[in-house]
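Enquirer: no sequence on this one, just coordinates:
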C-alpha cells in the first residue's frame, strides 16, 4: 500500500521537473543581447560583417521563437547568436590590432629613415 502512494507522488515530481526545465532562458537572452552590443561597439559591422549579420539574423529568429513560445528554439538561437557575436567582436578587435600594428610599423620605418638620414646632415654641418 505504501508503494501505491509513492508512485503518484514520484510521477507528479517528474512532471513538475519536466515543466520546470522549459522556462524562458532569460539569462541566455541577456547574454546574447550583451554580446551583440559589445560586437557593435567593437565595430564588428565594419570589420566582421558576415559574422555580425549572422548574429543579428539569429537574434531576430530568437525573438520570433520567443513570440511563439518555442523556448527550445529561443535557447538554440540565443546561443548561436551569442557565439556569432563573440566571433564578430574578436575578428573586429583583431582587424583593428592589425591596423594599429601597420601604423606602428610605418612610424618605425619613418623614424629609421630619419635616423639613417641624420648622420649625413650632422657630418655636413660639422664640415662647415
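Expert: Nice, thanks for sending it over. This structure is a prediction, so every number in the text was calculated from the model and none was measured.

Enquirer: Longest helix in this structure, please.
Expert: helix 71-127 (DSSP state H).

Enquirer: Which neighbouring elements make contact with that helix?
Expert: helix 26-41, helix 44-47, helix 49-67 (3 or more Cβ pairs under 8 Å, 6 or more residues apart in numbering; DSSP states H and E). All C-beta atoms are positioned from the backbone trio N, CA, C, and that covers glycine.

Enquirer: which residues touch the first one?
Expert: By that I understand helix 26-41. The contact list for helix 26-41, computed with Cβ atoms under 8 Å, 6 or more residues apart in numbering, reads 48, 52, 55-56, 59, 62, 66, 74-75, 78-79, 81-82, 85-86, 88-89, 92.

Enquirer: tell me the mean pLDDT for it?
Expert: Averaged across helix 26-41, the pLDDT comes to 97.

Enquirer: what angle separates it from helix 49-67?
Expert: 150 degrees (axes from the mean of the first three to the mean of the last three Cα atoms, to 10 degrees).

Enquirer: Could you work out the end-to-end span of stretch 35-53 for me?
Expert: End-to-end distance of stretch 35-53 (Cα to Cα, to the nearest Å): 13 Å.

Enquirer: So what's the gap between it and the chain middle?
Expert: How far stretch 35-53 lies from its chain's middle: 8 Å, per Cα atoms, centre = their mean, to the nearest Å.

Enquirer: Next one, pLDDT for residue 9 please.
Expert: pLDDT, read off for residue 9, is 49.
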